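Okay, predicted coordinates and the sequence, questions at the end:
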Amino acid sequence: MSLNVGLLRETFARVKTENGGATALGMSFYKRLFEKYPAVIPLFHTPPEEQHKKLIASLGAIVGGVEQPERLLPYLHAMGIRHLKYKTETAHYGAVAENLLAVLAEHLGKEGEWTSEMQETWSAAIAVVAKTMIEAADNPLAYKDELTQMGYEPDGFRKNDSQPWVEKPVVAK
Ligand code: HEM
């Protein structure tokens, strides 16, 4: 699959400036998710005001890292494995993907354009992210060595680091 990286980056930059910026998008994401998929509400313990900042930061790391799979893949594997602790199930990924695409379309379609090419690019990117996270969550042990090399614990968290969603280069020992 060839992803239109330029379009992905341009649209993500627009998220931050248009229609109330990333906070508005992030808040709409959780509002719509909880309205449309109330079954996932009990999984969340962090208020949307805080949670949305983590989601936006991780989307930024993903969009920034698409051309560095050697860093992005372990980042996504670790994130998928961490989601086991949050009781996320494979079936939830479809809901989150549908919801993210819908709020992106609404957010960006208000002040500027949201084209079918943008829709396809984001849909493809989110599908790869979900597939990569799910693969790791399905078989965490297979990723133990990779995670250790990249500075993660086998459960996808990092020691003495309360912000595992922030992508960090590994410092060579
Ligand atoms: C596109 C895929 C996803 C991305 C990029 C994403 C991103 C994140 C990030 C950055 C965090 C912060 C904690 C951490 O990094 O460990 C998080 C936590 C969480 N995510 Fe996701 N996530 C995704 C899919 C899902 C799905 C499918 C669900 C299922 C409903 C889900 C439910 C949760 C829950 C319950 C938490 C913990 C909330 C809390 O602290 O109360 N996520 N997610």
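Happy to help now that I have it.

now for the longest helix along the chain, which elements pack on it?
Ranked by residue count and defined by DSSP state H, the top helix of the chain is helix 116-138. With contacts taken as 3 or more CB pairs under 8 Å, 6 or more residues apart in numbering; DSSP states H and E, helix 116-138 sits against helix 5-17, helix 48-65, helix 69-85, helix 92-111. C-beta coordinates here come from the backbone N, C-alpha and C atoms, glycine included.

what's the angle between that helix and helix 48-65?
For helix 116-138 against helix 48-65, the angle by axes from the mean of the first three to the mean of the last three CA atoms, to 10 degrees is 100 degrees.

Give me the buried positions along helix 116-138.
118, 121, 122, 125, 126, 129, 130, 132, 133, 134, 136, 137 (16 or more other CB atoms under 10 Å).

Let me have those residues in TSV, adding distance to the ligand and pLDDT as columns.
Below are the buried residues of helix 116-138 laid out as TSV (distance: CB to the nearest ligand atom, whole Å; pLDDT from 0 to 100):
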residue	distance to the ligand	pLDDT
118	17	97
121	15	97
122	11	97
125	9	97
126	6	97
129	5	98
130	5	98
132	9	98
133	6	98
134	9	98
136	12	98
137	10	98
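
Reformat those residues as CSV; add distance to residue 109.
Shown next, in CSV, are those (distance: CB to CB, whole Å):
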residue, distance to residue 109
118, 9
121, 15
122, 12
125, 18
126, 17
129, 22
130, 23
132, 28
133, 27
134, 29
136, 33
137, 32
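
List just the nearest of those to residue 74.
residue 136 (9.1 Å; CB to CB).

Just want the angle from the longest helix of the chain to helix 5-17.
90 degrees.

can you list the residues that contact helix 116-138?
Contact with helix 116-138 is made by 1, 3-4, 7-8, 11, 62-63, 66, 73, 76-81, 83-84, 88, 90, 93-94, 96-97, 100-101, 104-105, 108, 142-143, 156, as judged by CB atoms under 8 Å, 6 or more residues apart in numbering.

Brilliant, that's me finished.
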